[in-house]
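Student: What would the 3D arrangement of this be:
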Amino acid sequence: MKKALSFLLFIFFMTSILNASDDLSVQLNHPESIQVLLAKNIDEALLEAKGSYVIYNPKDGMKISSSISGKRFMVKSTKSGIKWGEVFPGIHQIYIVPKKKNSSLIVNGIEYDGSIAIIKIKDKINIINDVDVESFLKATLAPQFPYPLDNEVMAAIAIAARTTAYSHVKRNKDAFWHISAEDTTYQGNAIIDPDSVVSNAVDRTKHIILVHTKDGVNRPFAAIWTENSAGKTASFQDIFRKDWWAPNKGVEAPHALLNREESKWSYTIDKKNLANLLSMEELKEIETFTDSFSGKTYALKLNDSNAVKNIDFITFQNLVGKDKIISNDMTVSMRNGQIYFTGYGKGYGVGLCLHSAKKMALNGDNAAKILSKFFPDTFLLNLSAMPKSVR
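Tutor: This next block holds a predicted model:
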């Protein structure tokens with residue numbers, strides 16, 4: 001309780017400073033929702049409205065239909081437009097909004113908060129869920145953290161996840177959708193437990209994000225986490241080879257360093273089997289490309305008898321198996337027809353180290369201090385407290 005109170009007092013303090021500061025040329029929008037792609041280029045889907053709803057044409061904002069009762073039909077494209085029970089000729093986008101709090105929308109048996117957009121492209125449809133960011137966070141974090149964590153650790157995770165969500169919104173502001181459900185653990189509101197640790201953390205930190213100053217502009221960024229950094233983290237850019245506005249340096253993680261030997265893992269695979277997994281004729285040599293500060297691997301160079309193949313670590317790990325190549329803090333050796341992988345920690349070694357965060361929380365550190373440790377040169381921002389002129 002003391003730690004929770006200390007974090008909330010810190011946020012109040014930071015909000016006061018930000019409101020009084022001249023550094024409000026931030027000009028962050030204040031997106032209340034995120035557009036999540038549920039299905040892309042499909043022929044049809046079963047769409048049900050439970051309760052009253054209104055349908056708009058997002059192209060001009062005009063209301064085109066409504067009902068005080070529910071509706072359940074396949075939604076599909078036609079030569080002239082979109083069909084959902086009735087046909088909407090000449091209309092290639094529809095936006096369905098529940099009218100009351102107890103109304104909801106169901107796509108292929110999964111219930112979603114917010115609204116649903118149907119976009120016709122040629123003879124296919126795309127389905128997008130326009131959902132409140134806070135609901136999106138609860139739905140995506142719940143399956144990742146089914147076990148209880150310290151309140152301050154969970155608060156730090158919620159803020160990091162919200163920061164990443166707002167980053168998607170800002171970076172893809174001109175696109176039809178901000179993020180794909182396929183790239184997340186988003187499954188609508190079916191698995192949201194309002195009394196869970198996840199829901200509590202999201203509610204406690206509502207509208208609070210991290211921002212990183214780059215080129216004179218403060219932006220939300222890709223604020224991800226790793227299970228155990230084994231002593232050092234790498235920057236987002238160094239591992240993923242993308243900018244995404246994140247801090248460009250890793251940090252030392254003493255708590256994880258103390259646990260480094262305990263986190264050691266190893267994996268051995270026959271050279272021919274690995275060559276088959278990588279669609280190569282014969283694997284003769286394997287070399288890692290690593291970040292100079294953390295030693296984390298971001299890519300591998302593979303030689304066979306005919307060619308040289310470069311592959312990023314994430315693709316390599318997915319091909320071999322995440323349960324086998326547990327982290328990118330690793331070395332590789334080859335002898336007697338076998339390839340030996342030895343590594344430490346778990347995950348990509350980027351961003352918030354959860355092992356260290358848990359230790360810091362046990363020592364009395366709050367979410368703000370945990371985040372400042374792993375995301376250098378960033379600060380917390382309460383979007384709901386910002387003047388409307390800079391939202």
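
Student: what stretches of this structure score poorly on pLDDT?
Tutor: Per-residue confidence of the chain (counting by pLDDT under 70) places the weak regions at 1-31, 386-391.

Student: what ranges do the helices span in this structure?
Tutor: For the chain, applying DSSP state H gives helices covering 2-20, 133-141, 151-171, 197-204, 236-240, 254-258, 271-277, 313-320, 354-362, 367-374.

Student: what's the spacing between the longest one and its chain's center?
Tutor: A distance of 8 Å separates the C-alpha centroid of helix 151-171 from that of its chain, computed with Cα atoms, centre = their mean, to the nearest Å.

Student: do the same with the fourth one
Tutor: If you compare the mean C-alpha spot of helix 197-204 with that of the full chain, they lie 17 Å apart, counting by Cα atoms, centre = their mean.

Student: go on, the second one?
Tutor: With Cα atoms, centre = their mean as the basis, helix 133-141 stands 10 Å off its chain's centre.

Student: Which neighbouring elements make contact with it?
Tutor: Secondary-structure packing of helix 133-141 (3 or more Cβ pairs under 8 Å, 6 or more residues apart in numbering; DSSP states H and E): strand 33-42, helix 151-171, helix 197-204. Backbone N, C-alpha and C define where each C-beta goes, glycine included.

Student: Mean neighbour count, those: which tops it?
Tutor: Each of the helices and strands packed on helix 133-141 was given a mean neighbour count from mean count of other Cβ atoms under 10 Å, and the largest, a mean of 25, is that of helix 151-171.

Student: returning to what we had before: could you save the helices of the chain as CSV and add columns showing distance to Glu111?
Tutor: Below are the helices of the chain laid out as CSV (distance: least, Cβ to Cβ, whole Å):
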stretch, distance to Glu111
helix 2-20, 31
helix 133-141, 11
helix 151-171, 20
helix 197-204, 17
helix 236-240, 33
helix 254-258, 39
helix 271-277, 39
helix 313-320, 30
helix 354-362, 30
helix 367-374, 31
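
Student: Of all these, which one is nearest Leu210?
Tutor: With Cβ to Cβ as the measure, helix 151-171 is the member of those nearest Leu210 (4.5 Å).

Student: how much does that closest one deviate in direction from helix 354-362?
Tutor: Regarding helix 151-171 and helix 354-362, their directions subtend 130 degrees when assessed with axes from the mean of the first three to the mean of the last three Cα atoms, to 10 degrees.

Student: mind checking which of the helices and strands packed on helix 133-141 is nearest Ile224?
Tutor: When the helices and strands packed on helix 133-141 are compared by Cβ to Cβ, helix 151-171 sits nearest Ile224, at 6.5 Å.

Student: and the angle for that closest one with helix 367-374?
Tutor: Our comparison of helix 151-171 with helix 367-374, counting by the same axes, to 10 degrees, yields an angle of 60 degrees.

Student: In terms of secondary structure, what does helix 151-171 contact?
Tutor: Packing partners of helix 151-171 (3+ Cβ pairs under 8 Å, 6+ apart): helix 2-20, strand 33-42, helix 133-141, helix 197-204, strand 208-214, strand 352-353, helix 354-362, helix 367-374.

Student: These into CSV, with extra columns for distance to Ile64?
Tutor: Formatted as CSV, these follow (distance: least, Cβ to Cβ, whole Å):
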stretch, distance to Ile64
helix 2-20, 42
strand 33-42, 20
helix 133-141, 26
helix 197-204, 34
strand 208-214, 36
strand 352-353, 45
helix 354-362, 48
helix 367-374, 45
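
Student: State the phi and psi torsions of the residue of the chain positioned farthest from its centre.
Tutor: Computed with Cα atoms, centre = their mean, the maximum C-alpha offset from the centroid of the chain is found at Asn336, amounting to 41.3 Å. The phi and psi values for Asn336, taken as degrees, to the nearest 10, are phi 50, psi 40.

Student: related to what we said a few turns ago, what's the closest of the helices of the chain to Lys59?
Tutor: Of all these, helix 151-171 comes closest under Cβ to Cβ, at 20.9 Å.

Student: in the stretch 201-350 of the chain, which spans are strands?
Tutor: In chain order, the stretch 201-350 of the chain shows strands spanning 208-214, 217-219, 225-226, 265-270, 285-290, 297-303, 308-312, 330-335, 338-343, with DSSP state E, counting those that start in this stretch as the criterion.

Student: Direction included, what does the shortest one pair up with?
Tutor: Here strand 225-226 has these sheet partners by DSSP bridges: strand 352-353 (parallel).

Student: can you list contacts of the partner strand?
Tutor: With contact meaning Cβ atoms under 8 Å, 6 or more residues apart in numbering, strand 352-353 is reached by 156-157, 160, 223-226, 228-229, 233, 253, 255-256, 370-371, 374-375.

Student: can we see that at 6 Å?
Tutor: Taking Cβ atoms under 6 Å, 6 or more residues apart in numbering as the criterion, the residues outside strand 352-353 that touch it are 160, 225-226, 229, 253, 256, 374.
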